[in-house]
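A.B. asks: after the sequence you'll find the predicted model.
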Amino acid sequence: MKFGCHLSIRNGYLGAARQALSMKMDAFQYFPKNPRSLKTKLFNREDAALCKHFCKAHGLSSIGHSPYPTSLTPHDIVRRKQVIASLLNDLAITDACGSIGIVVHFGKETSRGNPLASYQLMIDVLNEVLEEWDGNAKILLENRAGLPGTIGTTLEELVQVRKLCDFPEKIGFCLDTCHAFASGLWNGDNWGEVLKRGRELAYFDELQVVHLNNSKYSTRQGKDRHAPVFGPGFITEGQFDALMQTPECKDIPFILETPKEIIPHEKEIAMLQKKMELAARFCRGMKIIRISMRILKCLEKMCFN
Ligand SMILES: [Zn+2]
């Protein structure tokens with residue numbers, strides 16, 4: 001299992017990768033450029049190439065996160081052009097860094113009278129970006145934290161938007177656990193149902209990253225307020241365990257976007273790694289017990305027959 005957190009590129013892309021390794025993480029997330037602006041960046045290609053090489057050598061996975069003003073449902077043509085240029089720039093940077101892709105939030109509702117307009121706009125914007133893009137980095141669509149019923153909160157919408165794009169192979173998914181909890185997609189106790197539905201929709205085939213966040217508010221309140229996994233939050237450890245034991249999530253990065261002031265990320269990741277190690281040891285122990293029981297039964301049969 002791969003755990004990591006969001007890191008700064010203050011010391012460059014390679015600097016972020018080095019920091020991830022020094023913090024004993026297996027993955028990290030970063031903003032490829034200024035998180036508060038859509039302005040494109042003339043990035044340092046050498047630094048990005050060194051990051052890619054370093055990550056490959058040390059088995060690190062990385063993911064980019066698009067700047068905050070990125071919207072797949074831009075309100076006017078000027079903003080639409082800025083978003084498209086910014087996303088192509090994000091894809092170029094993340095690709096050069098050897099990252100899986102760039103996380104982008106699902107769009108927002110643009111018209112109350114015509115709910116389909118928002119989905120159509122999103123698909124158009126995605127098509128315009130992806131038509132220009134032929135690298136390996138993907139757009140990673142993230143579920144929203146809105147109230148139940150608002151757009152971008154269900155697996156069906158994510159899967160359908162991907163399917164309706166002209167280039168679905170260039171799109172993957174990012175599951176944010178706080179957003180899923182806030183919207184009621186995952187109420188903490190229904191992981192079995194989410195898993196079943198996700199499998200039916202082939203959502204998990206395209207899931208590339210999990211944002212592992214607890215929630216400061218109870219489920220179905222639509223509040224996007226992250227809390228530490230092991231700290232004060234409404235998602236319990238047992239509920240997280242059920243999610244983390246999902247076989248489809250075994251090899252994908254789990255990125256913390258939790259407030260580090262309460263529990264430092266390094267500590268939280270060490271706790272997660274320890275937890276998974278103990279779970280793996282328990283499974284191995286159970287396997288040995290089962291094999292031993294089978295051998296004993298065979299011996300019993302041989303002796304008494
Ligand atoms: Zn997130």
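C.D. replies: Ah, there it is.
A.B. asks: CA only for contacts and neighbour counts going forward, please
C.D. replies: Fine.
A.B. asks: can you get me a residue count around the residue nearest to C165 when sequence neighbours are not counted?
C.D. replies: With sequence-adjacent residues excluded and distances taken as C-alpha to C-alpha, 6 or more residues apart in numbering, C165 is closest to I123, at 5.7 Å. Applying other C-alpha atoms under 10 Å, we find 21 other residues in the vicinity of I123.
A.B. asks: and I123, which helix or strand is it part of?
C.D. replies: Mapping I123 onto the secondary structure by DSSP states H and E places it in helix 116-131.
A.B. asks: against which helices or strands is that helix packed?
C.D. replies: In this structure, helix 116-131 makes packing contacts with helix 77-96, helix 155-164, judged by 3 or more C-alpha pairs under 8 Å, 6 or more residues apart in numbering; DSSP states H and E.
A.B. asks: I'd like those helices laid out as TSV, including mean pLDDT, mean neighbour count and distance to D189.
C.D. replies: Listed next are the helices and strands packed on helix 116-131 as TSV, based on pLDDT from 0 to 100; neighbours: other C-alpha atoms under 10 Å; distance: least, C-alpha to C-alpha, whole Å:
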stretch	mean pLDDT	mean neighbour count	distance to D189
helix 77-96	98	21	35
helix 155-164	98	17	17
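A.B. asks: looking at the ones you listed, which is closest to S8?
C.D. replies: Ranking the helices and strands packed on helix 116-131 by proximity to S8 (C-alpha to C-alpha) places helix 77-96 first, at 14.3 Å.
A.B. asks: by mean pLDDT, which helix or strand of this structure comes out lowest?
C.D. replies: The helix or strand of the chain with the poorest confidence is helix 265-304; it has a mean of 83 (mean pLDDT, DSSP states H and E).
A.B. asks: for that one, packing partners?
C.D. replies: Counting by 3+ C-alpha pairs under 8 Å, 6+ apart, the packing neighbours recorded for helix 265-304 are strand 2-6.
A.B. asks: now the strand it packs on - C-alpha only, CSV.
C.D. replies: Coordinates of each C-alpha in strand 2-6 appear next as CSV, following Å, rounded to 0.1, in the frame of the first residue of the first chain:
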residue,chain,number,x,y,z
LYS,A,2,1.3,3.5,-0.9
PHE,A,3,0.9,6.4,1.5
GLY,A,4,1.9,10.0,1.1
CYS,A,5,0.8,13.6,1.5
HIS,A,6,0.7,16.9,-0.3
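A.B. asks: ok, residues contacting it?
C.D. replies: With C-alpha atoms under 8 Å, 6 or more residues apart in numbering as the contact definition, strand 2-6 has outside contacts at 20, 25-30, 250-257, 265, 269, 272-273.
A.B. asks: can you list the strands that it pairs with?
C.D. replies: strand 27-30 (parallel), strand 253-256 (parallel) (DSSP bridges).
A.B. asks: how big is the angle separating that strand from helix 265-304?
C.D. replies: 170 degrees (axes from the mean of the first three to the mean of the last three C-alpha atoms, to 10 degrees).
A.B. asks: how far away from the center of its chain is strand 2-6?
C.D. replies: 10 Å (C-alpha atoms, centre = their mean, to the nearest Å).
A.B. asks: count of neighbours near D189?
C.D. replies: For D189, which is what you asked about, the neighbour count (other C-alpha under 10 Å) is 14.
A.B. asks: for it, which residues are in contact?
C.D. replies: Taking C-alpha under 8 Å, 6+ apart, we find D189 in contact with Q239.
A.B. asks: model confidence score at it, please.
C.D. replies: Predicted confidence (pLDDT) for D189: 96.
A.B. asks: how much space separates it from I235?
C.D. replies: In this structure, D189 lies at 9 Å from I235, with C-alpha to C-alpha, to the nearest Å as the measure.
A.B. asks: just K275 next, same as before
C.D. replies: Relative to I235, K275 is positioned 16 Å away (criterion: C-alpha to C-alpha).
A.B. asks: with R294 instead?
C.D. replies: Plainly put, R294 is 39 Å away from I235 if you go by C-alpha to C-alpha.
A.B. asks: more neighbours: which of these two?
C.D. replies: Neighbour comparison, R294 and I235: the larger count goes to I235, with 27 against 12 (by other C-alpha under 10 Å).
A.B. asks: wait, that one sits on S215?
C.D. replies: Yes: shown here, I235 and S215 form a contact pair, counting by C-alpha atoms under 8 Å, at 6.5 Å.
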